[in-house]
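Enquirer: Sequence and predicted structure below; questions after.
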Amino acid sequence: MPNPKRKHSKSRTGKRRAHDHLAAPTYGNCPNCGKPRPPHIVCPECGFYRGRVVIEKEQEE
């Protein structure tokens with residue numbers, strides 16, 4: 001297998017790794033209860049998704 005002829009510099013390695021960072025998760029507000037939730041996911045607080053109840057949650061009083 002071919003081997004590199006010279007060592008890659010730290011700046012060249014850093015340029016290659018510049019896009020390898022983790023992205024922070026995005027959140028939106030639930031239109032029903034207003035709590036933050038990830039997009040395209042059922043709201044864990046109220047169980048709503050796309051305007052209807054998907055998961056029945058018990059009301060705490």
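Expert: Now that the structure is in, tell me what you want to look at.

Enquirer: mean confidence score for stretch 16-29?
Expert: What stretch 16-29 shows for mean pLDDT is 93.

Enquirer: Tell me how far that stretch lies from the chain's centre.
Expert: Offset of stretch 16-29 from its chain centre (CA atoms, centre = their mean, to the nearest Å): 8 Å.

Enquirer: Also stretch 19-32?
Expert: 4 Å.

Enquirer: Quick one: end-to-end distance for it.
Expert: One end of stretch 19-32 sits 36 Å from the other (CA to CA, to the nearest Å).

Enquirer: and if you look at stretch 25-45?
Expert: So stretch 25-45: terminal residues 18 Å apart, CA to CA.

Enquirer: Centre of the chain to it, how far?
Expert: Worked out by CA atoms, centre = their mean, stretch 25-45 lies 12 Å from the chain centre.

Enquirer: contacts for that stretch?
Expert: The contact list for stretch 25-45, computed with CB atoms under 8 Å, 6 or more residues apart in numbering, reads 46, 48-49, 51, 54-55, 57. For the C-beta atoms, the positions are set from N, CA and C on the backbone; glycine is no exception.

Enquirer: which stretches of the chain form helices?
Expert: Applying DSSP state H to the chain gives helices spanning 10-16.

Enquirer: Residue nearest the middle of it, spatially speaking?
Expert: Nearest residue to the geometric centre of the chain (CA atoms, centre = their mean): Pro25, 3.1 Å.

Enquirer: measure Glu45 to Arg52 for me?
Expert: Glu45 sits 15 Å away from Arg52, going by CB to CB, to the nearest Å.

Enquirer: where does this protein dip in pLDDT?
Expert: Within the chain, the segments meeting pLDDT under 70 span 59-61.
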